[in-house]
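Asks: Any chance you can model this:
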Amino acid sequence: MTRTTPDRPVSVEAVFPELAPYRGRTTRLHPRPGRPGMRDSHVGGPMLWPDGEPWPVCTEPHQRETEGYARDEILSARAAGTWPQSRPWPAAGTPGEDGPVPFVGLAQFFRRDVPGLAPGPDGADLVQLFRCPLTHGPYLERRYRLRWRRTRETERAERFLTTPPEVPLLRWEHELPEPCVLHPEEVDTYPWAEGDTLPAALIARIDAWEDAQESEQGPGAANYQSDLSIPPGWRVGGFPSWASTGPMAVDCASCATPMRLLLTAGGDEMDADSHSWVPLEDREPSLRGRASIRGRSGRSVAQPTRLRFGRDRDLHVFTCPADPGHPPRWVLA
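Replies: Numbering: from 1, shown residues only. Okay, here's the model as predicted:
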């Protein structure tokens, strides 16, 4: 089934014609639980990974854990609509505690499926996203990794990995992604309005308009940041949202070039402030506005991937436009 973003509550360029030069495109991925294969773009499905090629591992020191959740028990609990039982962490010396820790495959995207996916180094057209399932240091930091591939070369492999290595327990239930198929859709997007993301005079006009809207229509009035600029959830390209951190410069550590947003991974596909972005197919057609999502806004729509990034933040993945082979940067915002 396709997913269709409703028309915006207000025509943003009719209210702010100055935004027209800043208009961009982003591909909403609309992940929904399903059974993707290794040759599909997906979140949480099997990776297209040649058998015999080393699986990525994290070799940095990890925060010691006391308890966790078994993968099979997480899946069983999800199917039953319950919460899995935690278990004591294995004794010291168990792989995944003191030794190299296998990364968890979070997602893979083919450019043939996802409009706007920027090319990788040497024309790579497949990007795979991984996360270490354990935390690092006193601030519980996370480690991510990108793997770029050229699809035609990769598919020449004789065999593919079917069971990647994994840690005995996962620290949190939300470390295990729910397998999701994608329903890519391109939509218009506009920059976050704060700091120096737009001219100061335009941001002032947007702020004044939002205040007037709320004064006239109440708390449910259309809001630029929530309703008109950047959609929630998983998406490729477009502009980063800066709700938690405020705007920041993201420059390449290798060459100082301003980096571009490759993709955004989000824990939630909707929340109280972004209900206007919920696709038409996920609404109750007999109802209007926020009420239309009540009957269909279960976890499969609101939190389809089951993943979390920080404290309910977006994970922005930036790459260098001058050389996609330069190290990416990861920003929680």
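
Asks: going forward, measure contacts and count neighbours with C-alpha atoms only.
Replies: Noted.

Asks: Next, the residues that contact the lowest-mean-pLDDT helix or strand in the chain from outside, please.
Replies: Of all the helices and strands that make up the chain, helix 299-302 has the lowest average by mean pLDDT, DSSP states H and E, namely a mean of 80. The contact list for helix 299-302 (CA atoms under 8 Å, 6 or more residues apart in numbering) reads 32-33, 268-271, 282.

Asks: Pull the most distant pair out of those.
Replies: Using CA to CA, these reach their maximum pairwise distance at Pro33 and Asp271, which is 18.5 Å.

Asks: quick one: which of those two has more around it?
Replies: Legend: neighbour count by other CA atoms under 10 Å for Pro33 and Asp271, higher for Pro33 (21 against 16).

Asks: Look up how far Gln303 lies from the more buried one.
Replies: Using CA to CA, to the nearest Å, Pro33 is found at 10 Å from Gln303.

Asks: What mean pLDDT does the longest helix along the chain get?
Replies: Longest helix of the chain, by residue count under DSSP state H: helix 200-217. Taken as a whole, helix 200-217 has a mean pLDDT of 96.

Asks: Low-confidence stretches in the chain?
Replies: Along the chain, segments meeting pLDDT under 70 span 92-99, 294-298.

Asks: switch to 80 and redo it
Replies: Flagging of the chain using pLDDT under 80 yields the residue ranges 1, 91-99, 271-273, 288-291, 293-300, 311-312.

Asks: and the spatially most central residue of it, what helix or strand is that in?
Replies: In the chain, the centroid-proximal residue (CA atoms, centre = their mean) is Ala265; its distance is 0.9 Å. Assigned by DSSP states H and E, Ala265 belongs to strand 260-266.

Asks: residues in contact with the residue nearest to the centre of the chain?
Replies: Ala265 makes contacts with 233-235, 309, 314-316, as judged by CA under 8 Å, 6+ apart.

Asks: and the closest residue in space to Pro177 that isn't next to it in sequence, what is it in contact with?
Replies: Nearest residue to Pro177 in three dimensions, chain neighbours excluded: Gly44, at 4.8 Å (CA to CA, 6 or more residues apart in numbering). By CA under 8 Å, 6+ apart, Gly44 lies in contact with 105-107, 176-180, 305.
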